[in-house]
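A.B. asks: Quick one: sequence and predicted model below, then my questions.
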Amino acid sequence: MQILLFFLLFISSFYKLFTDVPKQQWVVTKGCSITVNGSTNVNKFNCAIANYNQPDTLTFHPNKQSEILKMTGKMKLPVENFDCHNPMMSKDLQKTLKAKDFPYLEIHFISLSRFPNQELKNDKIKGVLIIKLAGVSKKIEIEYLSKNIEVNKLTLIGKKRITFSDFNIIPPRKIGGMIKTNNELDIEFVLNVKTL
């Protein structure tokens, strides 16, 4: 019986040794932003939340059995901070995104395909995240361009095309419906992090 118990403990320790990988963390640093590019039947528009600098922490949960890195962590960006470089347009976007009822745009980080290669100045990796906007959550795959700024500092630039209808939002219209906002939006977010 003691031999069997010893054997089971040995196997358990051996398995844990080769499957557990220490967690890693990234701390979100200054200069992060999210930009939304859209268009109407008349012109194009650009709105952004710049200089997001909340001290969020992203935690990775690697596993030697898979290269995919599970993540926990999120960013909460105040919708009222969207600046469209035109006060009326900024107010219209905030109203369209239901800022009073849902004051934050949330980005929940789910996974990365792998860690960025810090030996490369630029590296492309894929990830999965959830965007929560106007009370609706949507899981999306995204491609990042990872830029190595200096030792232990990275910038991830993620781009994705989404639509208003993804979040059950009706694109805004003006002047009796003569100016119509197109459904498609191109989002880009810049994430500056320091690796621990």
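C.D. replies: Perfect, thanks for sending it.
A.B. asks: per-residue confidence for the closest residue to Ser39 other than its chain neighbours?
C.D. replies: Leaving aside its chain neighbours, Ser39 sits nearest to Asn182 (5.0 Å; criterion: CB to CB, 6 or more residues apart in numbering). Where you see a C-beta, it was placed from the backbone N, CA and C, and this is true even at glycine. Asn182 is assigned 93 on the pLDDT scale.
A.B. asks: Pull out the buried positions in stretch 69-79.
C.D. replies: 69, 71, 73-75, 77, 79 (16 or more other CB atoms under 10 Å).
A.B. asks: Looking at those residues, which one is closest to Ile34?
C.D. replies: Leu77 (6.0 Å; CB to CB).
A.B. asks: Give me the next element, helix or strand, following the helix or strand containing that closest one.
C.D. replies: Taking DSSP states H and E as the definition, one finds Leu77 inside strand 74-78. Of the helices and strands lying after strand 74-78 in sequence (DSSP H and E), the nearest is helix 87-96.
A.B. asks: now that next one: how far from the chain's centre is it?
C.D. replies: In terms of CA atoms, centre = their mean, to the nearest Å, the centre of helix 87-96 is set 23 Å apart from its chain centre.
A.B. asks: State the mean pLDDT of it.
C.D. replies: 90.
A.B. asks: Remind me what that helix packs against, helices and strands.
C.D. replies: Here helix 87-96 touches strand 44-52, going by 3 or more CB pairs under 8 Å, 6 or more residues apart in numbering; DSSP states H and E.
A.B. asks: Next SSE downstream of the strand it packs on?
C.D. replies: Downstream of strand 44-52, the first helix or strand assigned by DSSP H and E is strand 57-63.
A.B. asks: the bottom helix or strand of the protein by mean pLDDT?
C.D. replies: helix 2-19 (a mean of 46; mean pLDDT, DSSP states H and E).
A.B. asks: so for the next helix-or-strand element following it, what's the average pLDDT?
C.D. replies: Once helix 2-19 ends, the next helix or strand along the chain (criterion: DSSP H and E) is strand 24-28. Averaged over strand 24-28, pLDDT sits at 89.
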